[in-house]
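Novice: just the structure for this:
(2 chains, ligands or ions: 2)
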Amino acid sequence: MSRIGIRNVTKTFPVRDAGEPFTALSGVDLDVREGEFLTLVGPSGCGKSTLLDLVAGLTPPTAGEIVIDGAPVTGPGLDRGIVFQQYALFPWRTAQANVEFGLEAKAAPRKERARRAREHLALVGLTGFEDRYPHELSGGMRQRVAIARSLAFDPDVLLMDEPFAALDAQTRESLQEELLRVWQHTGKTVIFITHGIDEAVYLGERVAVMTSRPGRIKEVVEIAFDSREGDLRADPVFGEYRHHVWKLLRDEVAAAQVQEREVAISHG
Amino acid sequence: MADTRQETPPGDLHWYDLPDDEAHEDTAGPEAQDDTAGPETHDDTAGPETREDTAGPQTQRAARAVSWGRAARRAAVNSAAILLLLAAWEVLPRLGVLDRVFVPPLSESLVAGYDLLISGQLPEHLQASLARSLAGFGLAIVLAIPLGLLIGWYRPVADFLTPLLELFRNTSAVALLPVFTLILGIGETTKITFVLYACSWPILLNTISGVKTVEPLLIKSARSMGLGPVRLFQKVILPAAVPTIFTGVRLAGAYSILVLLFAEMVGAKAGLGYLILDTQSSFRIPDMYAGIITISVLGLLFNLLLVAVERRFSTWRTT
Ligand SMILES: Nc1ncnc2c1ncn2[C@@H]1O[C@H](COP(=O)(O)OP(=O)(O)OP(=O)(O)O)[C@@H](O)[C@H]1O
Ligand SMILES: [Mg+2]
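Specialist: Numbering: from 1, shown residues only, chains lettered A, B, ... in the order given. Ligands and ions are numbered 1, 2, ... in the order given. Prediction:
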């Protein structure tokens, strides 16, 4: 239930043995409404994960500012839950203990922690795997543990970085449903990064399309269906949105590829 | 952060690095033996706990019989070389291939060892050695782990101490023994300090590297859940570093016996090192071999114990 304002945000990284810093994001402007489900798409390397880190408060922006409910972000906090692109589970903790991690940080009582962790593992379909260590789980299962962990401590804002990338189509669909249900139920504000145009259009109330590096917001597409009942993907309107986002992305991906080739040549 | 390690080129081997390779082989052995549970567990994705429930008692017993058979065969293969050595040791002197005076048959050495045991000499020397080893080893653990954590975690401490550490870790403990003797005399303190010094390095360096090589993403993940520095250290850095620290502890355990022996040979009136040198110079050759065998067995047992402890603390490590 939080409003997120990203105001003219630029992020640069210092580069080893080079004078000029590397610009990952340049003048990003984006407002995420209270309780909104916003999906974020853009070519690989355009700075999506970087933007999420900034909203999480893990690194400060080089310029511009990020405000949540009017207050500038100064650091990380349990009001925001992140699902990292590479899961980031603690390998010495079981699935259950991983999900409990955020609850420990929140100083929840032991019994409550165990209960909530079990509930959320069940939510992502991992009942019976509580005592497994991450290395004993498949990639998709690890990703689901990471999702359960971010949901368990009940943050107002969910920041998800391609959380369903490693899942098969069926599991992905059921988790998409589950996520939508949780979202509708709790009114969390969600920023959801994905490479899938279908996924972006299906999940998002709005789809923000980013340009190639340095990333900016190219366009924010409002997705409005008459109703979310039935098979949304079969709706002709769905196809139109899908095509629109696809067109926006196509040019940027092409630009990103040219850029990468140039970088490769200048280094080679 | 990792500047100290970047300075040493990858091909640069230090003395403390060497036993690590052996150690990897050590761990590979027993781990491979775990696999002897047989092919029937391999397709069993549900894992060992559920296997107990689903498999009937008969299939279980059969599986266990198969695994025992395999384990026995593996044990036979593993010990073949040792048995061969022992047999050669027994037979070659008797055949006159080896000079019986310098290499008496194994059985004579074992009898000598038994006599030493009964007479109470061997236990006495063993106790003296163990006490020194364990004291030095224990002190090294108590001192080197906290110091390593401090150096690994606090950049200023690392910057301050790294040059000193670089200097000392390249100074052999053996080279410093005369200095220890000079300052501390020839008593127990010198020997314990000597062991402490030698054992500290593997523990210290492994602890530092354990802390420094914690996956940055895990730190990021913990920070994202609002953990401050203290809790981050307690809940992420420390558990992540434990397996690496234990590798250092295991290496130190091996050193504690190796270097003590040297100290005991240079100046002592008790201990296994003294026993070996003393029996050699008074020409009690079977007794000398009895001392050497004792050392080998002691080292082996100590290492096995430490490997077991190490495994206990790093079950989650996939490699
Ligand atoms: N810590 C860092 N130091 C230097 N450069 C960085 C750092 N983090 C990211 N970058 C660079 O910033 C750019 C954006 O990275 P980012 O991970 O945000 O991309 P992304 O949009 O998430 O890509 P993908 O879709 O492939 O995950 C990349 O070119 C990357 O090399
Ligand atoms: Mg990314």
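Novice: which bits of chain B sit near chain A?
Specialist: Residues of chain B that fall close to chain A, judged by C-beta under 8 Å from any C-beta of the partner chain: B:47, B:217-218, B:220-227, B:231, B:235-236, B:239-240, B:242, B:315-318. Quick note: C-beta positions are derived from backbone N, CA and C, even for glycine.
Novice: helices - which of these land there?
Specialist: Secondary structure defined by DSSP state H assigns B:L217, B:L218, B:K220, B:S221, B:A222, B:R223, B:S224, B:R231, B:P239, B:A240, B:V242 of the residues of chain B next to chain A to helices.
Novice: returning to what we had before: and the residues of chain B next to chain A, which of them are buried?
Specialist: The neighbour count (16 or more other C-beta atoms under 10 Å in any protein chain shown) marks B:218, B:220-227, B:235-236, B:239-240, B:242, B:316-317 as buried among the residues of chain B next to chain A.
Novice: tell me the one of the residues you listed nearest ligand 1?
Specialist: Ligand 1 has its nearest neighbour among those in B:K220, at 10.3 Å by C-beta to the nearest ligand atom.
Novice: average pLDDT across stretch A:255-268?
Specialist: For stretch A:255-268, the mean per-residue pLDDT is 77.
Novice: now do the helices in the stretch 1-150 of chain B.
Specialist: Counting by DSSP state H, counting those that start in this stretch, the stretch 1-150 of chain B has helices at residues B:3-7, B:18-34, B:39-42, B:48-54, B:57-95, B:106-119, B:121-153.
Novice: tell me which residues in the longest one are buried?
Specialist: Put plainly, it is helix B:57-95. In helix B:57-95, counting by 16+ other C-beta under 10 Å, buried: B:A63, B:S67, B:W89, B:E90, B:L92, B:P93.
Novice: now swap in the last one and tell me
Specialist: Residues of helix B:121-153 classed as buried by neighbour count (16+ other C-beta under 10 Å): B:121-122, B:125-126, B:128-130, B:132-137, B:139-141, B:144-145, B:147-149, B:151-153.
Novice: mean confidence for it?
Specialist: Average pLDDT, helix B:121-153: 94.
Novice: between helix B:106-119 and that helix, find me the angle.
Specialist: For helix B:121-153 against helix B:106-119, the angle by axes from the mean of the first three to the mean of the last three C-alpha atoms, to 10 degrees is 90 degrees.
Novice: run the chain-centre distance for helix B:121-153.
Specialist: For helix B:121-153, the separation from the chain centroid amounts to 12 Å (computed by C-alpha atoms, centre = their mean, to the nearest Å).
Novice: quick check, the residue in chain B closest to ligand 2?
Specialist: Across chain B, no residue is closer to ligand 2 than B:L217, which sits at 12.3 Å (C-beta to the ion).
Novice: my guess is that residue meets A:F90, correct?
Specialist: No. With contact defined as C-beta atoms under 8 Å, B:L217 does not count as touching A:F90 (10.5 Å).
Novice: what's the neighbour count on residue 237?
Specialist: Just so you know, I chose chain A. 13 (other C-beta atoms under 10 Å in any protein chain shown).
Novice: nope, chain B
Specialist: Counted with other C-beta under 10 Å, residues neighbouring B:I237 total 21.
Novice: go on, A:D17?
Specialist: Neighbour count of A:D17, defined by other C-beta under 10 Å: 4.
Novice: on that earlier part again, among the buried residues of helix B:57-95, which pair sits farthest apart?
Specialist: Spanning the widest gap among those are B:A63 and B:P93, at 45.8 Å by C-beta to C-beta.
Novice: what's near enough to touch B:Q121?
Specialist: Contacts for B:Q121 (C-beta atoms under 8 Å, 6 or more residues apart in numbering or on different chains) come out as B:L275.
Novice: now do it against A:G230, distance only.
Specialist: 91 Å (C-beta to C-beta, to the nearest Å).
Novice: any idea how far the strand or helix carrying B:L196 is from the middle of the chain?
Specialist: When elements are assigned from DSSP states H and E, B:L196 belongs to helix B:188-212. Relative to its parent chain, helix B:188-212 has a centroid offset of 13 Å by C-alpha atoms, centre = their mean.
Novice: that one vs helix B:121-153, what angle?
Specialist: Angle of helix B:188-212 versus helix B:121-153, following the same axes, to 10 degrees, is 40 degrees.
Novice: just the buried positions in helix B:188-212, please.
Specialist: Those would be B:190-212, for helix B:188-212 by 16+ other C-beta under 10 Å.
Novice: got the contact list for the closest residue to B:R223 other than its chain neighbours?
Specialist: Distances taken as C-beta to C-beta, 6 or more residues apart in numbering or on different chains place A:P76 nearest to B:R223, at 5.4 Å, with adjacent residues excluded. The contact partners of A:P76, by C-beta under 8 Å, 6+ apart, come to A:A56, A:G57, A:L58, B:R223, B:S224, B:M225, B:G226.
Novice: give me that answer again for 6 Å
Specialist: A:A56, A:G57, A:L58, B:R223, B:S224, B:G226 (C-beta atoms under 6 Å, 6 or more residues apart in numbering or on different chains).
Novice: report all helices and strands that the lowest-mean-pLDDT helix or strand in chain A contacts.
Specialist: The weakest-scoring helix or strand in chain A, judged by mean pLDDT, DSSP states H and E, is helix A:236-267 (a mean of 85). Under the contact criterion of 3 or more C-beta pairs under 6 Å, 6 or more residues apart in numbering or on different chains; DSSP states H and E, helix A:236-267 touches helix A:197-203.
Novice: touching ligand 1 at all, the helix it packs on?
Specialist: No. Applying C-beta under 6 Å from any ligand atom, one finds helix A:197-203 separated from ligand 1 by no less than 12.7 Å.
Novice: which outside residues touch that helix?
Specialist: Contacts of helix A:197-203 (C-beta under 6 Å, 6+ apart): A:T39, A:V41, A:F192, A:T194, A:V207, A:I223, A:Y241, A:R242, A:V245, A:W246.
Novice: and the pLDDT at the closest residue to the fourth one other than its chain neighbours?
Specialist: Right, A:T194. Distances taken as C-beta to C-beta, 6+ apart place A:A200 nearest to A:T194, at 5.2 Å, with adjacent residues excluded. With respect to pLDDT, A:A200 scores 94.
Novice: for ligand 1, what is the nearest residue in chain B?
Specialist: Closest point on chain B to ligand 1, by C-beta to the nearest ligand atom, is B:P216, at 9.4 Å.
Novice: circling back: report the separation between the residue nearest to A:T194 and A:V220.
Specialist: Taken as C-beta to C-beta, the span from A:A200 to A:V220 is 12 Å.
Novice: can you give me the strands for the stretch 101-250 of chain A?
Specialist: For the stretch 101-250 of chain A, the strands defined by DSSP state E, counting those that start in this stretch cover A:157-161, A:189-193, A:206-210, A:217-222.
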